[in-house]
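# whatever this is, show me its structure:
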Amino acid sequence: MRHLLRFAPLLFLSCSDPVHDQRVNELGPEDPQGPSPNHRRGQPCLLCHDANGGSKPEMVVGGTIFASSDFDAPGAEDVTVQFVDAAGGGPLNDPVTVGPSGNFYVLKTDWPDMTFPLKVRLLKGGSTVQSMRTTINREGSCNYCHRPNPQGPDYTDQDREVARRYYGQIYLNAGATK
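Okay, here's the model as predicted:
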């Protein structure tokens with residue numbers, strides 16, 4: 001018994017996931033005003049807001065829609081995100097609307113039986129603006145694949161590699177918004 005007590009602190013430490021912790025740290029500091037539905041736009045929501053991440057509220061899908069493909073584009077306004085899963089269902093709290101930052105999400109409680117793959121489309125004024133050509137097969141964080149477009153003077157070789165591996169940010173209009 002004495003030997004087991006010596007290793008008890010190690011058991012506690014072994015419960016953390018260093019890869020997950022590193023990915024969260026790479027997101028950078030939290031908004032000084034704290035978390036809100038509009039925080040961390042363009043970042044993978046479910047990294048923190050799923051059963052493994054532990055942050056509340058727990059989500060099954062989340063992401064950001066920008067007004068254009070510009071690097072510093074504002075969030076898209078008055079946009080609805082419509083989902084259909086493999087079982088032909090959707091969120092109980094349908095339609096899913098985009099907040100002022102461009103962020104949207106579906107809570108686990110609003111879609112408890114969500115089944116991958118998902119189809120998704122964006123609507124504005126009741127009309128389809130964009131439909132995703134492929135299905136979402138396993139990752140509920142839209143910004144896991146759709147990362148914001150890196151640009152500017154600090155655009156590094158690593159940024160180029162990340163951009164090559166991922167789809168660009170989700171946006172409504174190709175034209176500039178400025």
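# let me see the ranges of the strands in the protein.
If DSSP state E is used as the criterion, the strands of the chain fall at 59-68, 80-84, 96-97, 103-107, 119-124, 127-131, 170-173.
# out of these, deepest packed?
strand 59-68 (a mean of 24; mean count of other Cβ atoms under 10 Å). Quick note: C-beta positions are derived from backbone N, CA and C, even for glycine.
# which elements pack onto it?
Here strand 59-68 touches strand 103-107, helix 142-145, strand 170-173, going by 3 or more Cβ pairs under 8 Å, 6 or more residues apart in numbering; DSSP states H and E.
# what is the mean pLDDT for the second one?
Per-residue pLDDT values across helix 142-145 average out to 76.
# put the alpha carbons of it into CSV.
C-alpha atoms of helix 142-145 as CSV (Å, rounded to 0.1, in the frame of the first residue of the first chain):
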residue,chain,number,x,y,z
CYS,A,142,-15.3,24.3,-38.8
ASN,A,143,-12.2,26.4,-38.2
TYR,A,144,-10.1,23.3,-37.7
CYS,A,145,-10.0,23.0,-41.5
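# what's that helix packed up against?
Using 3+ Cβ pairs under 8 Å, 6+ apart: helix 142-145 touches strand 59-68.
# quick one: distance of the strand it packs on to the chain centre.
6 Å (Cα atoms, centre = their mean, to the nearest Å).
# kindly export that strand (C-alpha atoms) in CSV.
The C-alpha atoms that make up strand 59-68 are tabulated as CSV, following Å, rounded to 0.1, in the frame of the first residue of the first chain:
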residue,chain,number,x,y,z
MET,A,59,-20.8,22.2,-28.5
VAL,A,60,-21.1,19.7,-31.4
VAL,A,61,-20.4,22.2,-34.2
GLY,A,62,-18.9,25.7,-34.2
GLY,A,63,-17.1,28.1,-36.4
THR,A,64,-16.7,31.6,-37.8
ILE,A,65,-18.0,33.1,-41.0
PHE,A,66,-16.3,36.2,-42.3
ALA,A,67,-17.8,38.9,-44.6
SER,A,68,-15.1,38.5,-47.2
